[in-house]
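S.K.: no sequence on this one, just coordinates:
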């Protein structure tokens, strides 16, 4: 089942194999929300987004985002939960000022995760369905360079439900 879901996501992405319009890289700080995440402490992560030519209309951006979120397990100070959300997203936005733009996006995809125990060499992998709502901003610094910030809320669904809100800041480059 996991392999079929990953293959389907790969086929969708390859079907849109168009030229990249924009690439974004950011540093993020995920904060777990809800009772499931109460046993975790946040660790700094990172993410990247690859924007493609619009498929719906020019005002709606579409992109593939990949992230790396880490959570330290409080019960065991040396173990951690690592999540790798891979999401297909749609985003719209509007101008606030000349160089400042607000954005809102939605996304869905998969989030493989594993528990990293430093004293063991085996990993316990699982895959979650992930859905995301992603408000943010873009500030144009130069012609093809923007400073971006987002506060996405991501919902992970599998055996247990977990959600997180990330605080991220990064840079995007138009190609």
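M.R.: Yep, it's here. Remember, it's a predicted structure, so these values are computed and weren't measured experimentally.
S.K.: what about residue 26, how many neighbours?
M.R.: By other CB atoms under 10 Å, the residues close to residue 26 number 23. Glycine gets a C-beta too; all of them are placed from N, C-alpha and C.
S.K.: show me what contacts the residue in the chain sticking out farthest from the centre?
M.R.: The outermost residue of the chain relative to its centre, with distances by CA atoms, centre = their mean, is residue 119 at 28.9 Å. When contacts are counted by CB atoms under 8 Å, 6 or more residues apart in numbering, residue 119 touches residue 78.
S.K.: phi, psi for it please.
M.R.: Main-chain dihedrals, residue 119, degrees, to the nearest 10: phi -90, psi 0.
S.K.: can you tell me how far it sits from residue 80?
M.R.: Residue 119 sits 13 Å away from residue 80, going by CB to CB, to the nearest Å.
S.K.: one step back: what does the pLDDT read for the residue farthest from the centre of the chain?
M.R.: For residue 119, the pLDDT comes out at 74.
S.K.: and for residue 52?
M.R.: pLDDT recorded at residue 52 is 88.
S.K.: tell me the bridge partners for it.
M.R.: For residue 52, the beta-bridge partners are residue 20, residue 62 (DSSP bridges).
S.K.: residue 88 is in contact with that one, correct?
M.R.: No. Counting by CB atoms under 8 Å, residue 52 sits too far from residue 88 to count as a contact (10.0 Å).
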